[in-house]
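Colleague: Fold the following for me, if possible:
(one chain, ligands or ions: 2)
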Amino acid sequence: MSAISTSSSAGDAARTPERPKRRSFLRLLLRNRLAGLGLVVLAAIVAIAILAPILPLADPNATAPANRLLPPLSEGHLLGTDELGRDLLSRLVWGTRLSLFMGVAATLVAALLGSTIGLVAGYFGGRLDNALMRSIDMLMAFPYILLALAIVAVLGPGLLNALYAVAIVNIPFFARNIRGVTVGLSHKDFVEAARLSGMGHGRILVSEVLPNVMPVIVITMSTTVGWMILETAGLSFLGLGSQPPQADLGSILGEGRKVMLTAPHVTTIAGITIFLLVMSINLVGDGVRDALDPRLSAGALARPAPVTRIARAKNADDAAPPEGSPALAVRRLSTRFEVGERIYRAVNDVSFTIRRGECLGLVGESGSGKSVTALSLLGLVPSPPGVIRAGRVWREGEDVLSLSREKLRALRGGRVSYIFQDPLTTLHPLFTVGDQLVEAIRAHRPASHAEAWTQAVALLDRVRIPAAADRAEALPHELSGGMRQRVAIAMALANEPDLIIADEPTTALDVTVQAQILALLDELRRESGLALLFITHDFGVVSQLCDRVAVMYAGKIVEEGPTQAVLEAPAHPYTRLLIACVPILGSGKRALDAIPGLPPAVDRLPDGCAFAPRCPRATAACKEGEIPPVSVADRRSARCLYAGEVMRAATEGSAA
Ligand code: ADP
Ligand code: MG
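Modeller: Ligands and ions are numbered 1, 2, ... in the order given. Next up is the predicted model:
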């Protein structure tokens with residue numbers, strides 16, 4: 001009864017997960033102190049400007065020659081009066097209101113026209129793009145303020161004409177920015193997909209491109225509105241904008257200029273107001289720009305540290321260094337991602353050893369924690385949100401995670417190197433592969449460019465690239481996928497490592513190229529006696545290459561042992577099912593199996609064995625408490641209560 005109730009409540013919890021709130025825009029904005037300050041000042045100014053009609057202010061246009069040029073703090077006139085005896089405080093509040101309105105209106109007009117031009121030019125390209133952009137260039141050829149003056153001169157002075165002038169002058173900003181982003185977007189796959197699905201250009205622009213361009217528009221608006229307020233104030237200052245008796249901040253400043261020596265307070269107060277307004281808008285604009293970066297709002301790019309944060313529990317039992325200083329020994333490693341309230345146990349109590357010259361295969365479904373394990377070894381998991389909560393990594397008897405940053409950096413790409421899945425993303429697109437190898441070599445040892453180049457060519461030769469000297473001059477996109485991966489391997493070999501960590505290096509390649517790369521890695525390993533941690537989701541690959549294999553599931557190693565022995569008689573039901581997934585060509589007898597169900601989410605791991613919900617053998621005992629690894633044969637272990645039976649069943653099955 002109780003079991004039923006707990007499982008149903010667990011189900012409820014799974015259905016209504018308490019998502020950690022994405023950091024709200026405001027919180028991100030306020031993380032920037034200056035933006036916070038700007039926001040407070042701006043909010044105060046805007047509130048006063050909006051409330052101007054209901055504030056107990058004097059009529060801003062009521063003249064009183066008897067009271068002209070009263071200093072600030074005079075009775076009834078807090079900020080004094082101007083030349084015609086009008087209340088300065090009231091004029092300032094109304095002037096600010098007008099200036100704000102003008103700035104915002106000009107920004108909206110410029111944004112609307114400029115963004116439309118940019119979107120259309122960037123999306124359609126070709127002649128239309130050329131025609132539109134050259135007209136924009138013509139606008140940009142004149143200094144802004146001169147152009148604005150010329151426009152007002154043609155249209156005649158007046159508030160509305162000043163607004164047009166400022167808006168027109170600012171159109172190029174928007175058009176250029178938005179066009180740039182749109183050009184990049186209009187060849188993206190999702191836009192192509194929309195075209196293939198038969199959408200018209202108009203709809204693609206509005207529903208596919210515009211939402212992606214919107215942040216740029218908002219950012220450009222927030223960073224130009226202050227500038228536009230200044231420009232309209234400038235025109236009014238020159239008497240070309242607002243006409244008396246109406247006054248914006250610029251014209252108050254202009255009027256004050258005439259009495260600057262006798263009554264400096266008029267200009268000073270108007271100047272300070274303009275300064276506060278524009279400054280606060282610019283600070284907020286900068287903050288908005290930072291906060292709108294989607295990578296920042298996910299918290300992912302919150303300045304990842306150079307080394308993963310290590311925070312071991314105080315009472316964690318410290319494993320002693322392994323005997324015989326193997327190439328790599330990992331002991332009870334646990335890496336988590338701590339995102340708000342949620343804890344993702346990506347790597348959970350993982351231990352394994354790789355001896356010198358040995359190849360260990362790390363196998364598991366996608367999401368089982370293989371890559372996080374590989375990255376944890378040299379503290380490469382980004383933190384935040386990654387944290388190493390327990391465990392040690394020993395390399396040749398050296399405690400890697402306790403090394404200083406400099407030593408750790410020297411180790412990366414030096415004695416330990418990585419090969420990743422897709423070489424097209426790890427190679428720099430603009431440098432020749434030779435130059436990139438030279439860079440990898442010179443990052444770790446002093447060598448002249450010429451020496452390093454000779455070594456680079458030798459490395460390319462070593463990974464069996466034909467005509468290596470010529471190929472060194474090639475850019476990554478000029479090579480095939482297999483060639484690129486060879487280059488990546490050459491790069492990993494550049495500093496004669498003792499250990500190579502290869503994270504699915506053949507997953508992006510076709511089978512024939514994969515076979516070549518595997519043969520190459522195997523040859524190199526035997527030639528130079530280096531240790532290899534080979535990560536893959538494919539048992540077939542492991543059987544070709546690895547001496548030992550570790551099977552990973554939901555962050556834990558569920559079985560480990562010599563490849564041959566594990567393949568012949570797996571001790572964990574998961575291993576068994578994983579092996580059954582490998583197709584055998586030409587043997588029509590076995591149907592290709594898929595493992596039913598899905599791996600659990602690592603932030604909601606079930607009690608006991610994480611595989612139990614999918615396991616054909618699971619019993620109630622499997623779902624209670626931690627299942628420790630048990631030794632099932634010489635140098636073999638498995639985390640299964642029924643390991644012995646599973647093994648026996650496998651050998652009997654194959655004998656039958
Ligand atoms: P794989 O075995 O396919 O290489 P990974 O090691 O990449 O799997 O991922 C292991 C688990 O860690 C996955 O369940 C993934 O969801 C989780 N994970 C990886 N990176 C993050 C992150 N930045 N934040 C939260 N969870 C993450
Ligand atoms: Mg991976």
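Colleague: For the strand or helix carrying F173, give the mean pLDDT please.
Modeller: F173 belongs to helix 159-185 when elements are defined using DSSP states H and E. What helix 159-185 shows for mean pLDDT is 93.
Colleague: Tell me how far it lies from the chain's centre.
Modeller: Here the centre of helix 159-185 is set off from its chain's centre by 29 Å, with C-alpha atoms, centre = their mean, to the nearest Å.
Colleague: Between helix 159-185 and whichever helix or strand comes after that helix, find me the angle.
Modeller: Moving toward the C-terminus from helix 159-185, the next helix or strand (DSSP H and E) is helix 189-196. Per axes from the mean of the first three to the mean of the last three C-alpha atoms, to 10 degrees, the angle that helix 189-196 makes with helix 159-185 is 90 degrees.
Colleague: Mind listing residues that contact helix 189-196?
Modeller: L185, R203, I204, S207, E208, V209 (C-beta atoms under 8 Å, 6 or more residues apart in numbering). From N, CA and C alone the C-beta is placed, and that goes for glycine too.
Colleague: Please repeat the previous calculation with a cut-off of 7 Å.
Modeller: Helix 189-196 is contacted by residues L185, I204, E208, V209 when judged by C-beta atoms under 7 Å, 6 or more residues apart in numbering.
Colleague: Can you tell me how far the nearest residue to the second one once chain neighbours are set aside is from ligand 1?
Modeller: If you skip the residues right next to it in sequence, I204 has A194 as its closest partner in space, 4.9 Å away by C-beta to C-beta, 6 or more residues apart in numbering. Relative to ligand 1, A194 is positioned 29 Å away (criterion: C-beta to the nearest ligand atom, to the nearest Å).
Colleague: do E523 as well
Modeller: From E523 to ligand 1 the distance is 26 Å (C-beta to the nearest ligand atom).
Colleague: Could you identify the helix or strand that succeeds the one helix or strand that residue maps to?
Modeller: In the assignment (DSSP H and E), E523 maps to helix 511-528. The helix or strand immediately downstream of helix 511-528 is strand 531-536, counting by DSSP H and E.
Colleague: The helix or strand harbouring T373: which residues count as buried?
Modeller: Secondary structure from DSSP H and E places T373 in helix 370-376. Residues K370, S371, V372, T373, A374, L375, S376 are the ones in helix 370-376 that count as buried (16 or more other C-beta atoms under 10 Å).
Colleague: just checking, the first one touches V551?
Modeller: The one in question is K370. No. K370 lies out of contact with V551 (C-beta atoms under 7 Å); the separation is 10.3 Å.
Colleague: could the buried residues of helix 370-376 go into TSV alongside pLDDT and distance to E338?
Modeller: As requested, those are exported to TSV (pLDDT from 0 to 100; distance: C-beta to C-beta, whole Å):
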residue	pLDDT	distance to E338
K370	93	20
S371	92	18
V372	93	13
T373	94	17
A374	93	20
L375	92	16
S376	92	14
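Colleague: Which ones among these also lie next to ligand 1?
Modeller: K370, S371, V372 (C-beta under 6 Å from any ligand atom).
Colleague: Quick one: name the residues of this structure near ligand 1.
Modeller: 337, 339, 344, 346, 364, 366-372, 385, 602.
Colleague: Can you lay out those as a markdown table showing secondary structure and distance to L146?
Modeller: Output for the residues of the chain next to ligand 1, formatted as a markdown table (DSSP: H, G, I helix; E, B strand; the rest coil; distance: C-beta to C-beta, whole Å):
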| residue | secondary structure | distance to L146 |
| --- | --- | --- |
| F337 | strand | 55 |
| V339 | strand | 53 |
| Y344 | strand | 58 |
| A346 | strand | 60 |
| G364 | coil | 67 |
| S366 | coil | 61 |
| G367 | coil | 61 |
| S368 | coil | 65 |
| G369 | coil | 63 |
| K370 | helix | 63 |
| S371 | helix | 58 |
| V372 | helix | 59 |
| P385 | coil | 52 |
| V602 | coil | 62 |
